[in-house]
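In: Take this sequence and fold it.
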Amino acid sequence: MHQYNEKLKVIVITEDNKQNQKYFNLFKVLFNNSIEEVRDFNYEKRITINNSEFRFIIKSESARGLKAHYVLNLTQDEEFHRNRAMPMTSPHSSLKEIEKWSELFTKL
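Out: Residues are numbered from 1 along each chain as shown. Next up is the predicted model:
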């Protein structure tokens with residue numbers, strides 16, 4: 001039985017604390033009317049909206065073991081992007097079976 005309440009998970013990676021806070025604030029404004037939960041702590045920044053969860057981390061933090069469907073790497077560091085900014089996601093995600101999300105997981 002598939003869990004159809006699974007959220008689309010997005011990790012946003014930034015260069016430092018200042019940039020992290022800027023992008024976190026930007027996303028809060030963009031999703032203002034859709035926000036269900038906001039976590040704004042030094043150790044965790046997260047925005048949950050309808051069916052999505054955005055997690056903000058700094059490049060120096062460990063992203064190991066974090067699961068995501070998409071990673072927005074805003075660091076401008078090509079080596080970091082190739083070697084460490086890759087999401088861990090299950091190819092068997094039930095999101096691909098939900099009509100409104102299926103387009104995200106369709107091969108081009």
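In: When you work out contacts or count neighbours from here on, use the C-alpha atoms and nothing else.
Out: Noted.
In: Now do the helices in this structure.
Out: 17-30, 78-83, 99-102 (DSSP state H).
In: Just name the most buried of those helices.
Out: The highest average neighbour count among the helices of the chain, using mean count of other CA atoms under 10 Å, belongs to helix 17-30 at a mean of 15.
In: Which strands or helices does it pack on?
Out: strand 52-58 (3 or more CA pairs under 8 Å, 6 or more residues apart in numbering; DSSP states H and E).
In: repeat that with 10 Å
Out: Contacts defined by 3 or more CA pairs under 10 Å, 6 or more residues apart in numbering; DSSP states H and E place helix 17-30 against strand 8-14, strand 35-40, strand 45-49, strand 52-58.
In: Which one, of those strands, ends up nearest to residue 71?
Out: Among the helices and strands packed on helix 17-30, the nearest to residue 71 by CA to CA is strand 8-14 (4.8 Å).
In: Within the sheet, what are the partner strands of that closest one, with directions?
Out: strand 52-58 (parallel), strand 70-73 (parallel) (DSSP bridges).
In: Redo those strands as TSV? Include mean neighbour count and distance to residue 26.
Out: Formatted as TSV, those follow (neighbours: other CA atoms under 10 Å; distance: least, CA to CA, whole Å):
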stretch	mean neighbour count	distance to residue 26
strand 52-58	20	12
strand 70-73	18	14
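In: So for residue 24, which of these sits nearest?
Out: Among these, the nearest to residue 24 by CA to CA is strand 52-58 (6.9 Å).
In: mean confidence for that closest one?
Out: Computed over strand 52-58, the mean pLDDT rounds to 93.
In: hang on, the earlier thing: can the strands paired with strand 8-14 go into a markdown table with extra columns for distance to residue 41?
Out: Formatted as a markdown table, the strands paired with strand 8-14 follow (distance: least, CA to CA, whole Å):
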| stretch | distance to residue 41 |
| --- | --- |
| strand 52-58 | 11 |
| strand 70-73 | 20 |
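In: Nearest to residue 35, out of those strands?
Out: Judging these by CA to CA, what sits closest to residue 35 is strand 52-58, at 9.7 Å.
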